[in-house]
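*Asks:* Whatever this is, show me its structure:
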Amino acid sequence: MYERSEPLHVLNPPQQGEGRGIFVFGAPRGGTSMVAGALRILGVDMGARQGVGNNEDLDIQEARGGVAELGDPASDVFQAAVSRMRPVIEKRAASGSSWGWKDPHGALYAAQVQDLLPKPRIICVLRDPQAAAQRVSLLTEKPVLTALEETLTLYQRGLTYLTGCDLPAALVSYEKSLVRPERFVEQVIDFCGLTPSQSVVDEAIAFCYPERGHGSPNDPGWPRQGAL
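*Replies:* Numbers count the residues shown, from 1 in each chain. A predicted model of the protein is given here:
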């Protein structure tokens, strides 16, 4: 009997209750904005200050600094970046409500901040690497193969992290989520322990439309910065 693959695959199931410390990562142009935007619609606080078109927590991103500082966990610049981020994340964790953040490069430092997440949910978003790399190339003028190497490196770092991670964790397929948005939203609600109204669920499903663009849920949609 033919069985359809799911948009979301749970690696480590969570206990009952609302997720507080939902960390979304993957790779640039890899679908993390769609997942973070859906979570925002579903009632998760993904950060008071949001980046235009990408649903990123600017307080955490500014504390993190440049991606180049995250390459070597043994380096002083990496340790300094983590030291800047930890107080910001601790402040978010004290909110007592469902919260999280999205960082495409988050796999590079997830192990160094996971202890700050009160009721963690780790979500790694995966997209066809060629499609992600081509989009990066269009936006940055990097050669496609350079962008592809960077995308695959981030996915490998995410795999390495998840292999040793015993926290509640899941993989999300960007493409499957676009093909089956109703099922993706149902699954992410269940994984994160959320209780949205049906009207909010419908809004989140509509957000996961392939031609919409997946920046702020408050933006009108396609065509826009950050679309496919």
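*Asks:* longest helix anywhere in this protein?
*Replies:* Assignment by DSSP state H gives helix 144-163 as the longest helix of the chain.
*Asks:* and that helix, how far from the chain's centre?
*Replies:* Put simply, helix 144-163 sits 15 Å off its chain's centre (Cα atoms, centre = their mean, to the nearest Å).
*Asks:* any idea how far Gly96 is from the residue nearest to Ile89 when sequence neighbours are not counted?
*Replies:* Closest residue to Ile89 apart from its sequence neighbours, by Cβ to Cβ, 6 or more residues apart in numbering: Leu116 at 4.8 Å. (Glycine included, C-beta is placed from N, CA and C.) Per Cβ to Cβ, to the nearest Å, Leu116 is found 15 Å from Gly96.
*Asks:* pLDDT value on the residue nearest to the spatial centre of the chain, please?
*Replies:* Centroid-nearest residue in the chain: Val24, 2.5 Å away (criterion: Cα atoms, centre = their mean). Note on Val24: pLDDT of 98.
*Asks:* who does it bridge with?
*Replies:* Per DSSP bridges, residues listed as beta-bridge partners of Val24: Lys102, Ile123.
*Asks:* Look up how far Met46 lies from it.
*Replies:* Distance of Val24 to Met46, computed by Cβ to Cβ: 8 Å.
*Asks:* now Val136
*Replies:* To Met46, Val136 is 22 Å away according to Cβ to Cβ.
*Asks:* Run through the residues that contact Asp190.
*Replies:* Asp190 sits next to no residue when contact means Cβ atoms under 8 Å, 6 or more residues apart in numbering.
*Asks:* Could you verify that it is part of a helix?
*Replies:* Yes - assessed with DSSP: H, G, I helix; E, B strand; the rest coil, Asp190 lies in a helix.
*Asks:* Start at 28, not 1
*Replies:* OK, 28 is where the count begins now, so the last one is Asp217.
*Asks:* Look up how far Ile232 lies from it.
*Replies:* 15 Å.
*Asks:* Quick check: closest non-adjacent residue to Ala134.
*Replies:* In space, and not counting its chain neighbours, Ala134 is closest to Gly185: 3.8 Å by Cβ to Cβ, 6+ apart.
*Asks:* which residues in the protein form helices?
*Replies:* Secondary structure of the chain (DSSP H): helices located at 59-68, 85-91, 103-120, 137-140, 156-167, 171-190, 201-206, 208-219, 225-234.
*Asks:* Run a quick neighbour tally on Ala120.
*Replies:* As a burial measure, Ala120 scores 17 neighbours (other Cβ atoms under 10 Å).
*Asks:* In contact with it, which residues?
*Replies:* Arg47, Gly48, Trp126, Leu143, Leu144, Pro145.
*Asks:* Quick check: which ranges of the protein have low pLDDT?
*Replies:* Residue ranges of the chain with pLDDT under 70: 28-30, 238-255.
*Asks:* I'd like the helices of the chain as a markdown table, with distance to Leu35 appended.
*Replies:* What follows is the helices of the chain, written out as a markdown table (distance: least, Cβ to Cβ, whole Å):
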| stretch | distance to Leu35 |
| --- | --- |
| helix 59-68 | 9 |
| helix 85-91 | 24 |
| helix 103-120 | 23 |
| helix 137-140 | 18 |
| helix 156-167 | 18 |
| helix 171-190 | 14 |
| helix 201-206 | 8 |
| helix 208-219 | 4 |
| helix 225-234 | 13 |
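*Asks:* Kindly provide the distance from the closest residue to Leu85 other than its chain neighbours to Tyr136.
*Replies:* Nearest residue to Leu85, sequence neighbours excluded (Cβ to Cβ, 6+ apart): Arg76, at 4.1 Å. From Arg76 across to Tyr136, the span is 20 Å (Cβ to Cβ).
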